[in-house]
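how would this look folded up:
(chains A and B, ligands or ions: 2)
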2 protein chains.
Amino acid sequence: PIDVQMLLSPVALSGLLSVLAFLFSYQMIGITGPHLIAAGLSGKDMSKKKSKRDKEGEDSRVIPEAAGLVAGAVYLGIMFLFIPIPYAHSIMDHTLGSQPTDANVPSIISAEGSEMRTFAAFIAGILSICTTLFLGFVDDVFDLKWRHKLQIPTLASLPLLMTYFANGGLTDIAVPRFLQPLFGGVTFFDIGPLYYLYMGMLAVFCTNAINILAGINGLEVGQSLVIGVSILVNDAVILIFGSPEAHDLHQLSVYFLLPFVGVSAALWLYNKYPAQVFVGDTYCYFAGMTFAVVGILGHFSKTVLLFFIPQIMNFLYSTPQLFRFIPCPRHRLPRFVPKRNHLDVSWAFFRESELKAPGRVVLSVLRRLRLVKFYRSKQDSDYVACSNLTLLNLALHICGPLHEAKLMNYMLALQVLSSMIAFGIRYGVAGIFFEVVAD
Amino acid sequence: PIDVQMLLSPVALSGLLSVLAFLFSYQMIGITGPHLIAAGLSGKDMSKKKSKRDKEGEDSRVIPEAAGLVAGAVYLGIMFLFIPIPYAHSIMDHTLGSQPTDANVPSIISAEGSEMRTFAAFIAGILSICTTLFLGFVDDVFDLKWRHKLQIPTLASLPLLMTYFANGGLTDIAVPRFLQPLFGGVTFFDIGPLYYLYMGMLAVFCTNAINILAGINGLEVGQSLVIGVSILVNDAVILIFGSPEAHDLHQLSVYFLLPFVGVSAALWLYNKYPAQVFVGDTYCYFAGMTFAVVGILGHFSKTVLLFFIPQIMNFLYSTPQLFRFIPCPRHRLPRFVPKRNHLDVSWAFFRESELKAPGRVVLSVLRRLRLVKFYRSKQDSDYVACSNLTLLNLALHICGPLHEAKLMNYMLALQVLSSMIAFGIRYGVAGIFFEVVAD
Ligand SMILES: [Mg+2]
Ligand SMILES: [Mg+2]
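Ligands and ions are numbered 1, 2, ... in the order given. Presented below is the predicted three-dimensional model:
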């Protein structure tokens, strides 16, 4: 007994479109590679050996860059086709011209009003993602500076925030139990405009967090797949066990994430070791903004952030170099050792005497905790080197030199483990701090 | 006595933002030029003399291409900021929590429902324009093929059409008086899905019509400015004299067009003779899609098309070459004559005996109507040349060789004249054919 109603449900149709998204983007990424290279969008894979052919001239390590563009364009097309589906029911009502009787006028019309509100928010979410793809591709073409990497997600999150505002969006945050006495015992506290700042920063964080945990084949797409699937699992949990009020918001999240997982899976097949394409800033921005959009629209941004534990670790661990307490070389990728075909930590070389007080403190703490490799020249004891402060280098410092594919697997395992911990926090520990964890 | 209410009206704020859009894009286009060239987005201005400096190596005729990207990005930012403004009133109602009394519940809530519907359509319009900018820039980077020039506006118009559909959009068309007997005397006739086909084709037409009426400095932007201002004048006429029902739709049109005119005017200052930047496919698509969006959202697509008379003439005149009845060289730009620093018609050379029947008929009709320059070789009477079938060549055929700036002015004058004729048709002749011309 097959339930036709179920097969035609928006979630089922979204799943179907996601399979199409996977197949179509898989084909398109294969076709467009040469065109990306022809347009100058290509990069060298520095962690690969030169083959014999390379020595005769052309370098086979040159592979297409910015293939995320193709995945993103397919994603947009699929989302466009999906736009009317969740609202098919209300369309039916509308086009069939069913005149509401006087008795139920308010409930029907107000339901439609709130439905249109969700609809506007849904389209605004797609608009934010479209803007991100557009500006991400602009970044790939022009190689923008660091400050633009903060401006792009800020600009791209505007339509979403503006729609949130126009919809009269709530700006309440849940107050942790132990802080409630300070706030006069309230469970929720309205932080007003600060909430918009928070949402904008969420978009900046999500996009850049994925962009900086990168540097080996498959890592950008791999981590995004794990995060995307984790949020989907959380959505499924709430759609099955959660309160009816949370349903709509988590369905919205599913509509955004299923096609995202579809196109990302196709991209993954090309980007995993040994990479046939690079994904570009386009993809990192695209992925990060998709997560920010579902977190904001679904009012579960804290849950989304929980799935970013490795990215947060990477960011925190990086800060001494990002803020230049410790010198930061232009590239911090793990170092490829061709003779052994494996990756090892890369170094920042500097004179210890040039460090200022904060740098000296940070370095000595990191050394005491054995969180960096450290090296001092025998000829000149002031001349030192410390492993670059990225999660990849930390993994290589802890596990020893690794083959690129193996390092990738370790990182993905860490991401999966983090998601499990996140679920533990979300459904176990959160109840201790907050009254309402129903989203 | 200054009316504060008026100064804070959405239209006034849109005007203010448009001035900002003009200033900001003027500055940004100046700054970004070198970056466009560095990224390989540059072109040669073939209708300029080489300067002395050029002979010593570098070619000063190389100028940045795709500057429409900058104008478009600024436009998006301004539109994003504008999103909540038209709905400020309903937000006030919402956030102030004004509880409606039982008596007026239905009217208030249903008004909000329809307002949210317009809101969703507004955002969908921005999404269509954003997609167009994204894919237009992709076209500029990859130099896509002709068939993609049809696919891009089709894909980009999808969000708009889908939203139109989800909103339960009307698919009625007005039936001309003389055809009404055939349709059983009805004034409106529901053409159903064909209406969506029509809207999609409108987007394809508008984008490509501007893209093919191009080839001299300032022409793409100039014609777009005239069309944009013409639609704005029509909006103003209806906002002042029209029926209240049409108000909302024409206000929406103003919100889209004022910032468009702002960024286009800035681009015009750089793109007019002698051009410092080229605008790229990005701009042509952007302009065309903006017009299609206001025509579709405002339900006055016929009026929009009326302002495309020169583009329609150019398209019709081009068809014999577009459909290859007459051979079509790769470039059909007017020919630059450096010695006299003017433009003259460019030629299609071919053997007359190679023309098939339709080509022979078309050519003889065009020759009889004196709508082409024709030339026959004295050595070989089968070897002929005919001026290329574009409006620019036709203008040069009729007026004789012209300086580039003068040809540009003639074309703009034609566009302005056409707009006047369009107003004549719209407010004079249309009443003869249609009962309702209130939009
Ligand atoms: Mg970049
Ligand atoms: Mg092109």
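
Do you know the pLDDT at the residue most central in space within chain A?
Against the mean C-alpha coordinate of chain A, by Cα atoms, centre = their mean, the closest residue is residue A:288 at 3.1 Å. For residue A:288, the model assigns a pLDDT of 97.

The closest residue to ligand 2 within chain A: how many residues sit nearby?
When you check chain A against ligand 2 by Cβ to the ion, the closest residue turns out to be residue A:39, at 11.3 Å. Just so you know, the C-beta spots here come from the backbone N, C-alpha and C atoms, and that holds for glycine as well. The burial count assigned to residue A:39 is 19, neighbours taken as other Cβ atoms under 10 Å in any protein chain shown.

helix or strand right after the helix or strand of chain A with the lowest mean pLDDT?
Counting by mean pLDDT, DSSP states H and E, chain A has its least confident helix or strand at helix A:88-95, which shows a mean of 50. Following helix A:88-95 in sequence order, the next helix or strand is helix A:105-142 (DSSP states H and E).

need the next SSE after that next one, C-terminal direction.
Heading towards the C-terminus - elements assigned by DSSP H and E - helix A:105-142 is followed by helix A:146-166.

helices or strands up against that following helix?
helix A:105-142, helix A:193-212, helix A:280-297, helix B:68-82, helix B:88-95, helix B:105-142 (3 or more Cβ pairs under 8 Å, 6 or more residues apart in numbering or on different chains; DSSP states H and E).

which one of those is the most hemmed in?
Burial among the helices and strands packed on helix A:146-166, expressed as mean neighbours by mean count of other Cβ atoms under 10 Å in any protein chain shown, is greatest for helix A:280-297, which shows a mean of 28.

report the angle between the axes of that helix and helix A:193-212?
150 degrees (axes from the mean of the first three to the mean of the last three Cα atoms, to 10 degrees).

For ligand 1, tell me whether helix A:280-297 is touching it.
Yes: with Cβ under 5 Å from the ion as the criterion, ligand 1 is reached by helix A:280-297 at residue A:281.

distance between the next helix-or-strand element following that helix and the chain's centre?
Scanning the chain past helix A:280-297 towards its C-terminal end, the next helix or strand to appear is helix A:301-306 (assignment: DSSP H and E). Taking Cα atoms, centre = their mean, to the nearest Å, one finds the center of helix A:301-306 at 11 Å from the center of the full chain.

For helix A:301-306, give me every contacting residue.
A:198-199, A:202, A:205-206, A:231, A:234, A:291-292, A:294-295, A:312, A:422, A:425-426, A:439 (Cβ atoms under 8 Å, 6 or more residues apart in numbering or on different chains).

Near residue A:338, how many other residues are there?
The burial count for residue A:338: 10, using other Cβ under 10 Å.

That one - nearest residue in space that isn't next to it in sequence?
residue A:49 (5.3 Å; Cβ to Cβ, 6 or more residues apart in numbering or on different chains).

Would you check that that neighbour makes contact with residue A:339?
No: the pair residue A:49 and residue A:339 does not pass the contact test of Cβ atoms under 8 Å, sitting 9.3 Å apart.

higher neighbour count, the two?
The residue with the greater number of neighbours, taking residue A:49 and residue A:339 and applying other Cβ under 10 Å, is residue A:49; the counts read 10 against 6.

can I assume that one sits in a strand?
No: under DSSP: H, G, I helix; E, B strand; the rest coil, residue A:49 sits outside any strand and is assigned coil.

do you know how far residue A:206 is from residue A:291?
Shown here: residue A:206 relative to residue A:291, a distance of 5 Å by Cβ to Cβ, to the nearest Å.

could you give the mean pLDDT of stretch A:42-51?
pLDDT averaged over stretch A:42-51 equals 84, rounded to a whole number.

now do stretch A:15-25
On average, the pLDDT along stretch A:15-25 is 97.

Can you mark which positions in that stretch are buried?
Under the neighbour-count criterion of 16 or more other Cβ atoms under 10 Å in any protein chain shown, stretch A:15-25 has A:17, A:18, A:21, A:22, A:24, A:25 buried.

State the distance from the second one to residue A:264.
It refers to residue A:18. 10 Å.

next one: residue A:377
45 Å.

Between those two, tell me which one has more neighbours.
Comparing residue A:377 with residue A:264 by other Cβ under 10 Å, the one with more neighbours is residue A:264, at 30 against 12.

Enumerate every residue touching the more buried one.
Residue A:264 neighbours (Cβ under 8 Å, 6+ apart): A:71, A:221, A:224, A:225, A:228, A:287.

again, 7 Å this time
The neighbourhood of residue A:264, defined by Cβ atoms under 7 Å, 6 or more residues apart in numbering or on different chains, consists of A:71, A:221, A:224, A:225, A:228.

Out of these, give me the one that has the most neighbours.
residue A:71 (34 neighbours).

show me what contacts that one?
Taking Cβ under 7 Å, 6+ apart, one finds A:25, A:29, A:263, A:264, A:266, A:267, A:283 in contact with residue A:71.

what helix or strand is residue A:386 on?
In this assignment (DSSP H and E), residue A:386 forms part of strand A:383-387.

and that strand, which strands flank it?
Each strand paired with strand A:383-387, and its direction, by DSSP bridges: strand A:347-351 (antiparallel), strand A:374-376 (antiparallel).

Now do the helix or strand just after the longest one: distance to the chain's middle.
So that's strand A:347-351. Sequence-wise, the next helix or strand beyond strand A:347-351 is helix A:357-368, with elements assigned using DSSP H and E. In terms of Cα atoms, centre = their mean, the centre of helix A:357-368 is set 31 Å apart from its chain centre.

hang on, isn't residue A:314 packed against residue A:391?
Yes: Residue A:314 is in contact with residue A:391 according to Cβ atoms under 7 Å; the separation is 4.0 Å.

so what sits against both of the two?
Applying Cβ under 7 Å, 6+ apart, one finds that residue A:314 and residue A:391 are jointly contacted by residue A:213.

quick one on the thing from earlier: surely the residue of chain A closest to ligand 2 and residue B:140 touch.
No: in this structure, residue A:39 is not within contact of residue B:140 by Cβ under 7 Å, at 9.9 Å.
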